[in-house]
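Chemist: sequence and predicted structure, then a few things I'm wondering about:
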Amino acid sequence: MASALFDQQVTFLYTADLPATAAFYEDVLQLRLVLDQGVCRIYQVARDAFVGFCRRGALLQDDGRRTQGVILTLVTDDVDGWAQRLTAQGVALEKPPTLHPDFNIYHCIVRDPNGYLIEIQRFLDPAWPAPMVAPEGGA
């Protein structure tokens with residue numbers, strides 16, 4: 001049987017305003033753009049994890065947003081630092097850094113320009129696997 005692991009991960013989401021989305025992910029979150037397909041832009045989130053945003057007006061809700069049921073979780077030990085950086089850039093926190101004992105996480109929540117929830121979190125559960133490769137600049 002083949003390995004249950006994949007080599008990479010991409011989550012594609014829809015947007016009514018690709019330029020505003022690009023500005024948020026490139027300038028605010030400082031993610032690296034790895035592929036610009038014109039109507040889709042794909043960003044590197046971690047070594048082998050990616051998120052792509054595509055302009056697809058026909059599939060959007062009447063208000064121009066298709067956001068229900070989608071949460072993009074970005075894992076980091078520096079939840080407080082990210083909350084401070086985002087707030088300093090004018091991003092409103094939907095939920096400030098908070099311990100969530102039911103899930104044994106520490107997290108904050110913001111929304112991107114499309115209304116998608118972004119959860120920035122640290123897993124506190126020792127059963128959560130450590131990253132396979134240390135982040136750039138890490139040990």
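Modeler: Noted; the coordinates are in hand. Numbers count the residues shown, from 1 in each chain.

Chemist: counting contacts, what elements does the helix or strand of the chain with the lowest mean pLDDT pack onto?
Modeler: Across the helices and strands of the chain, mean pLDDT, DSSP states H and E gives its lowest value to strand 9-15, namely a mean of 84. When contacts are defined as 3 or more Cβ pairs under 8 Å, 6 or more residues apart in numbering; DSSP states H and E, strand 9-15 sits against strand 49-55. (Glycine included, C-beta is placed from N, CA and C.)

Chemist: buried residues in the strand it packs on?
Modeler: 50-51, 53-55 (16 or more other Cβ atoms under 10 Å).

Chemist: export that strand as PDB, just CAs?
Modeler: Listed next in PDB are the C-alpha coordinates belonging to strand 49-55 (Å, rounded to 0.1, in the frame of the first residue of the first chain):
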ATOM      1  CA  ALA A  49       1.900  23.600   2.100                       C
ATOM      2  CA  PHE A  50       0.200  26.100  -0.200                       C
ATOM      3  CA  VAL A  51      -3.000  28.100  -0.500                       C
ATOM      4  CA  GLY A  52      -4.400  29.300  -3.800                       C
ATOM      5  CA  PHE A  53      -7.000  32.000  -4.500                       C
ATOM      6  CA  CYS A  54      -9.000  32.000  -7.700                       C
ATOM      7  CA  ARG A  55     -11.300  34.600  -9.100                       C
END
